[in-house]
Structures are given as C-alpha cells and as structure tokens.
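Undergrad: Let's see this in three dimensions:
(one chain, ligands or ions: 1)
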Amino acid sequence: MRLAFLGPPGAGKGTLAELYAARHGLAHLSTGEMLRAAIAAGTPLGQQARPYVETGRLVPQALLGEVVAARLREVTAYILDGYPRTLEQAAFLEELPGFALDAVVFLAVPAEVAVRRLSARRVCPSCGAVHGREVGAGDACRRCGGELTVRADDDEKTVRRRYDVYVRETAAVVEHYRDAGKLREVDGTGEPETVLARLEAALAPLARGHDNG
Ligand code: AMP
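TA: You can find the predicted model right below:
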C-alpha cells in the first residue's frame, strides 16, 4: 500500500502516520524528519535545508526530490508524511515509474485547533516521540525519559508562515488528488485514537485489498 498524508501544520500527520504505519506494517517516511535528521547531522543536505526549515519555508524540490526518490526505492509499502507539498512535487512523484500512490489522506482540522496543538507540542530529540498537552513543563519523555524540547519551527511567527505556505502551495495539491479520485478526507480533530479509528474506516477497503494480496 502506498499512501501520502497531507494537512496543515498541526493536523497530526506525523502522529497518525506513525500509528497507522505500525499497525499495517508500512514504512513511515517523513520528509520533515529526514530534513531535521540531516540538519542535526550537519550533512550537505542539512546545511542547505536549514535556513528554509528554521523559517518555515519549503525546501526547494531540487534539494529534496532525489533524496525522497532514493528512500522510496528502498521500500515497497509506505506512508509519505509531508510530501508532496506542491504541485511540482506531486508531478515529480507521478513521473517516477512504479510509485503511483494508492490513496492520499487529507487530515482536516480547523486553524485554531492546529495552532493550539502546535503551541502545546513537545518533542524528544533522543527518540523522536511527539507529545502534546498530556505533558507539563519540565516533564520527561514518556517513551524514553529524555529531555523534551520545543521544535525550532513551532514559535508563533514560524507557525504562521508554515500555515501560509500550506494555504498557498499545499491546498492545491489536496484539490489535485481530489480531482484524481484519490483523496480520503478524514476529520483530524479529537484524540489520536479517535482519528485513527476514522482513518481505519476510511482506508478499510484499500487495506483489505492489500491484505488479500
Ligand atoms: P514537517 O515536519 O512536515 O512539519 O516539516 C517541517 C519543515 O520541513 C517544513 O516547514 C519545511 O521547511 C520542510 N519540509 C518538509 N517536507 C517538505 C516538502 N515536501 N517540501 C519542502 N519542504 C519540506
């Protein structure tokens, strides 16, 4: 099964992609995570991508496209989390032989829910876990005990820019897949388990087809 998850910042793409991928044995490929790892490791990609990621702008496709394509060639069943985010990226994916998406999930959340989630988000640099309102100031990571931090691009100004980028660039990608009949729109409000149940229902026919071979 080949899926992509789209939605505004704070829609819960990463959390839901991780939960759904674990249940269905899919690889979880997050371009945001790839870029943050490259930045932390100081690779050439990381050095070039850093100014874009830190200011909430899109990393140019010329830097990202081949990196994504190389990761896709390593796996057969996956969720692409946060890619494609522009029509250019969607066209790039469609031109890669053998990588046609089976479905694209659009996680819909109102802007005020997304902003509330992002302002509460704490991430663990050690294990990558993402926490929300359930952790308080000074709490340790519930998964590994590591020290939690705020993502560098979750400050108010950068969140606003990321939201603008989403409206300007990614909303058109959502419509592109709607026109192609591939879009599965899922209400992204509520707790992760609630959204996961909706996602399971929305993708059930597809998942059954794949389970049957
Ligand atoms: P995310 O973790 O999906 O919120 O992505 C964090 C940041 O990584 C974004 O604000 C962009 O700077 C960059 N990024 C992630 N995915 C893409 C993409 N498909 N195209 C361009 N930049 C991206």
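Undergrad: Tell me where the protein has helices.
TA: 13-24, 31-41, 44-54, 61-73, 87-95, 111-120, 156-165, 171-179, 192-211 (DSSP state H).
Undergrad: for the first one, packing partners?
TA: Applying 3 or more CB pairs under 8 Å, 6 or more residues apart in numbering; DSSP states H and E, one finds that helix 13-24 contacts strand 2-6, strand 27-30, strand 78-81, strand 103-108, helix 192-211. Glycine gets a C-beta too; all of them are placed from N, C-alpha and C.
Undergrad: Show me what the fourth one is packed against.
TA: Helices and strands in packing contact with strand 103-108 are listed as strand 2-6, helix 13-24, helix 171-179, strand 183-187, helix 192-211; criterion 3+ CB pairs under 8 Å, 6+ apart.
Undergrad: how about 10 Å then?
TA: strand 2-6, helix 13-24, strand 78-81, helix 171-179, strand 183-187, helix 192-211 (3 or more CB pairs under 10 Å, 6 or more residues apart in numbering; DSSP states H and E).
Undergrad: Save those as a markdown table, and put in distance to the ligand and mean pLDDT too.
TA: Putting the helices and strands packed on strand 103-108 into a markdown table (distance: least, CB to the nearest ligand atom, whole Å; pLDDT from 0 to 100) gives the following:
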| stretch | distance to the ligand | mean pLDDT |
| --- | --- | --- |
| strand 2-6 | 9 | 97 |
| helix 13-24 | 6 | 95 |
| strand 78-81 | 7 | 96 |
| helix 171-179 | 10 | 96 |
| strand 183-187 | 17 | 97 |
| helix 192-211 | 16 | 90 |
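Undergrad: I'd like to know which of these lies nearest to residue 121.
TA: The minimum distance between residue 121 and the helices and strands packed on strand 103-108 falls on helix 13-24, with 9.8 Å, by CB to CB.
Undergrad: Show me which residues of the protein sit near the ligand.
TA: Residues of the chain lying close to the ligand by CB under 6 Å from any ligand atom are 9, 31-32, 35, 52-53, 56-59, 64, 82-83, 85, 89, 153, 162.
Undergrad: Return the members of those classed as buried.
TA: Buried members of these, scored by 16 or more other CB atoms under 10 Å, are 9, 31-32, 35, 52-53, 56, 58-59, 64, 82-83, 85, 89, 153, 162.
Undergrad: Leaving out sequence neighbours, find the closest residue to residue 202.
TA: For residue 202, ignoring the flanking residues on the chain, the nearest one in space by CB to CB, 6 or more residues apart in numbering is residue 184 at 4.5 Å.
Undergrad: number of nearby residues for that neighbour?
TA: Using other CB atoms under 10 Å, residue 184 is surrounded by 20 other residues.
Undergrad: need the contact list for it.
TA: 3, 5, 103-107, 177-178, 198-199, 201-203, 205-206 (CB atoms under 10 Å, 6 or more residues apart in numbering).
Undergrad: Ok, residue 24 next?
TA: Here residue 24 is in contact with 1, 3, 77, 79, 200, 203, 207, 210, 211 (criterion: CB under 10 Å, 6+ apart).
Undergrad: May I ask which of those has the most neighbours?
TA: Busiest of those [other CB under 10 Å] is residue 3, holding 25 neighbours.
Undergrad: So what pairs up with it in the strands?
TA: Beta bridges link residue 3 to residue 79, residue 103, judged by DSSP bridges.
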